[in-house]
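Asker: generate a structure from the sequence data that follows.
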Amino acid sequence: MNTNISSQQDIRWKQRFQNFEKAFIFLADALKYPHPNELEEAGIVKAYEFTFELAWKTLKDYLEENAVIAKFPREVIKEAFAYHILDDGDCWMDMLNKRNLMTHTYNETNARLALSLIRNSYFNELQKLYLKLKEASGSHE
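Answerer: Residues are numbered from 1 along each chain as shown. Got it, this is the predicted structure:
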């Protein structure tokens with residue numbers, strides 16, 4: 001019975017990873033626009049929000065697959081950092097703490113700050129996680 005549960009967890013994190021991968025690739029494509037207009041900026045921020053949410057939830061499932069239980073985003077990030085899945089725990093905590101800022105993209109100042117953070121630091125951390133999880137998933141397309 002344990003094997004079945006483990007198998008289900010393995011499948012769950014890999015399925016979640018597939019969704020994270022789609023969101024990550026979409027965000028990467030969106031960030032290729034060097035000078036987005038306001039509507040495109042809002043789309044990039046929204047794409048980042050989806051990607052971040054899927055990132056921590058994929059991490060949660062991946063940790064559970066490896067017998068590490070963490071239920072809330074802050075716990076997940078701390079455990080993933082402790083197990084060397086995440087390189088920059090401070091950046092991930094900043095990503096978590098700034099989630100509220102991201103939802104207020106109707107404010108031009110917040111939107112510009114959000115876009116700057118995404119381009120200059122957050123995307124890099126998401127990319128590192130994506131590459132680690134892609135390798136762990138056995139998906140090398």
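Asker: how about Asp88, phi and psi?
Answerer: phi -120, psi 90 (degrees, to the nearest 10).
Asker: count the residues that sit near it.
Answerer: 14 (other C-beta atoms under 10 Å). C-betas here are computed from N, CA, C, even on glycine.
Asker: could you do Ile25 as well?
Answerer: 12.
Asker: need the helix or strand of the protein with the lowest average pLDDT.
Answerer: helix 99-103 (a mean of 73; mean pLDDT, DSSP states H and E).
Asker: what's the next secondary structure element after that one?
Answerer: helix 108-117 (DSSP states H and E).
Asker: which is the next helix or strand following that following helix?
Answerer: The first helix or strand that comes after helix 108-117 along the chain, using DSSP H and E, is helix 123-137.
Asker: quick one: that next one to helix 108-117, angle?
Answerer: 50 degrees (axes from the mean of the first three to the mean of the last three C-alpha atoms, to 10 degrees).
Asker: which of the residues in helix 123-137 are buried?
Answerer: 123, 125-126, 129-130, 132-134, 137 (16 or more other C-beta atoms under 10 Å).
Asker: how far away from the center of its chain is that helix?
Answerer: The chain centroid and the centroid of helix 123-137 are separated by 9 Å, computed with C-alpha atoms, centre = their mean, to the nearest Å.
Asker: swap in stretch 15-23?
Answerer: With C-alpha atoms, centre = their mean, you get 10 Å for stretch 15-23.
Asker: and for stretch 108-121?
Answerer: Mean-position distance between stretch 108-121 and its chain equals 16 Å (C-alpha atoms, centre = their mean).
Asker: just the CA trace of that stretch, in PDB.
Answerer: C-alpha atoms of stretch 108-121 as PDB (Å, rounded to 0.1, in the frame of the first residue of the first chain):
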ATOM      1  CA  GLU A 108       1.500  52.200 -12.400                       C
ATOM      2  CA  THR A 109       4.300  52.500  -9.800                       C
ATOM      3  CA  ASN A 110       3.500  49.000  -8.400                       C
ATOM      4  CA  ALA A 111       3.300  47.500 -11.900                       C
ATOM      5  CA  ARG A 112       6.700  48.900 -12.900                       C
ATOM      6  CA  LEU A 113       8.300  47.700  -9.600                       C
ATOM      7  CA  ALA A 114       6.700  44.300 -10.000                       C
ATOM      8  CA  LEU A 115       8.000  44.000 -13.600                       C
ATOM      9  CA  SER A 116      11.500  45.100 -12.600                       C
ATOM     10  CA  LEU A 117      11.600  42.500  -9.800                       C
ATOM     11  CA  ILE A 118      10.300  39.800 -12.100                       C
ATOM     12  CA  ARG A 119      12.900  40.600 -14.800                       C
ATOM     13  CA  ASN A 120      15.900  41.300 -12.600                       C
ATOM     14  CA  SER A 121      15.600  38.600  -9.900                       C
END
